[in-house]
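**Q** have a look at this fold, sequence not included:
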């Protein structure tokens, strides 16, 4: 009987040890499962955060590009409005030159004088219309030579009346539209 009791006690102890071992194994398995679950959750959150940051960056870049395009289009429209008269002005410049040549001729009779007066009125109205559009004559005679505004076709030696790099004579008037040169003035420069 004593042996049976010992045997029962040994079996009971083994059973308790097995239960304890099973509980420890269950707890460790639960911890491992929790760790395995946590790891994917963390990496999934990190992945979603990364995707969100990428999308936000793309959005901000697209927004900036749209703003740039809008500004560029606005500037182009302003330039078109500002310089819309450029082509017409260039075409009219030769007519103005011809009218000025006609006015430079000498007349001796009344008929010629009245014709000259009519040409003068046409030239004046054209000049006013061009000024309204922003087309003005480039000042040249007596001014210092500026290669951005003037085209030197001849040079003469400088003297007491004309300093070096000063425009002596204007052969053809130059015109500009606001700050853009339509035609440079053809000039003779003292050197």
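**A** Right, received. Where do you want to start? Note that this is a predicted model, so its numbers are computed, not measured.
**Q** from residue 127, how far off is residue 186?
**A** Here the criterion is Cβ to Cβ, to the nearest Å. By it, residue 186 lies 19 Å from residue 127. For every residue, glycine as well, the C-beta is placed using N, CA and C.
**Q** cool, and residue 62?
**A** Taking Cβ to Cβ, one finds residue 62 at 50 Å from residue 127.
**Q** how about residue 47?
**A** When residue 47 is compared with residue 127 (using Cβ to Cβ), they lie 73 Å apart.
**Q** the two: which has the busier surroundings?
**A** residue 127 (16 against 11; other Cβ atoms under 10 Å).
**Q** so how far is whichever strand or helix holds that one from its chain's centroid?
**A** Using DSSP states H and E, residue 127 sits within helix 110-132. The chain centroid and the centroid of helix 110-132 are separated by 43 Å under Cα atoms, centre = their mean, to the nearest Å.
**Q** tell me which residues of that helix come out buried.
**A** Within helix 110-132, the residues scored as buried using 16 or more other Cβ atoms under 10 Å are 116, 119, 123, 127, 130.
**Q** distance of residue 104 from residue 96?
**A** 13 Å.
**Q** and the two? which has more neighbours close in?
**A** residue 96 (19 against 8).
**Q** and the more buried one, what are its phi and psi?
**A** Main-chain dihedrals, residue 96, degrees, to the nearest 10: phi -60, psi -40.
**Q** and what of residue 58?
**A** According to degrees, to the nearest 10, residue 58 has phi -60, psi -40.
**Q** ok, residue 152 next?
**A** phi -80, psi 120.
**Q** give the bridge partners for it, please.
**A** residue 187 (DSSP bridges).
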